[in-house]
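Colleague: Curious how this folds, go ahead:
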Amino acid sequence: MILQEIKDRRSIRAYMPKPVEKEKMQRILDAARLAPTAKNLQDWKLLVVEDELARKELVDAASPHQAFLYTAPLLLAAVALNPGYVMRCRQPAYPIDLAIVLDHISLQAVREGLGTCWIGSFDEEGAKKALGVPDDLRIVQLMSLGYYKDLPPARPRKDPDQLFKWNHW
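Modeller: Below is the predicted model of the structure:
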């Protein structure tokens, strides 16, 4: 039941130095591949950074203030290929599309016994340089991925009556 993975998902900030098995990674990447996108354009790429030196270079350049990233066995960079595309609702498609992709990843990771952490606090230009991403593309988010040392407790959530309205505002 997907609701269980949603309930069990945490932001992991302590990783074990254990590699992620290829079969698990393939299922995680397949979950990303199947994510819906605006007009099904799939205008994104995911850079999977597994090489230790490349991970260090990325963290040094983009997010050195988050030391836990140095311990993650995998770092992901979510890259928008068409940042200029705007949907009819006048919203840019790329942050929404990539949020769905990364959410699919985070939930499949839970199913696989792994943890993730969404990283929005990073220097995009530093990340682009470290990863060789062209200037005209956008790195929307980074994400750490791996086996967690400890599973933190669930954080509190607002009551439903604070979050939902029915039919009209």
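
Colleague: what about the strands in the chain?
Modeller: Ranges of strands within the chain are 44-49, 74-80, 115-119, 138-146, based on DSSP state E.

Colleague: Which helix in the protein has the most residues?
Modeller: helix 93-111 (DSSP state H).

Colleague: which other helices and strands contact that one?
Modeller: When contacts are defined as 3 or more CB pairs under 8 Å, 6 or more residues apart in numbering; DSSP states H and E, helix 93-111 sits against helix 2-8, helix 22-33, strand 44-49, strand 74-80, strand 115-119, strand 138-146. Every residue, glycine included, has its C-beta placed from N, CA and C.

Colleague: roughly how far out does that helix sit from the chain middle?
Modeller: Distance, stretch centre to chain centre, for helix 93-111: 6 Å (CA atoms, centre = their mean, to the nearest Å).

Colleague: How about residues contacting it?
Modeller: 2, 5-6, 8-9, 27-32, 34-39, 41-44, 46, 76, 78, 80, 82-83, 85-87, 115-116, 118, 138, 140-141, 143, 145 (CB atoms under 8 Å, 6 or more residues apart in numbering).

Colleague: one more time with 6 Å, if that's ok
Modeller: With CB atoms under 6 Å, 6 or more residues apart in numbering as the test, helix 93-111 has contacts from 5, 8-9, 28, 31-32, 35, 37-38, 44, 78, 80, 83, 85, 87, 116, 140-141, 143.

Colleague: Could you pick out the buried ones from those?
Modeller: Buried members of the contacts of helix 93-111, scored by 16 or more other CB atoms under 10 Å, are 9, 28, 31-32, 35, 37-38, 44, 78, 80, 83, 116, 140-141, 143.

Colleague: now, the most widely separated pair of the residues you listed?
Modeller: The most widely separated members of those, counting by CB to CB, are Arg9 and Pro83 (27.3 Å).

Colleague: Quick one: mean pLDDT for the longest helix of the chain?
Modeller: Mean pLDDT, helix 93-111: 98.

Colleague: tilt between it and strand 115-119?
Modeller: Helix 93-111 and strand 115-119 are oriented at 160 degrees to each other (axes from the mean of the first three to the mean of the last three CA atoms, to 10 degrees).
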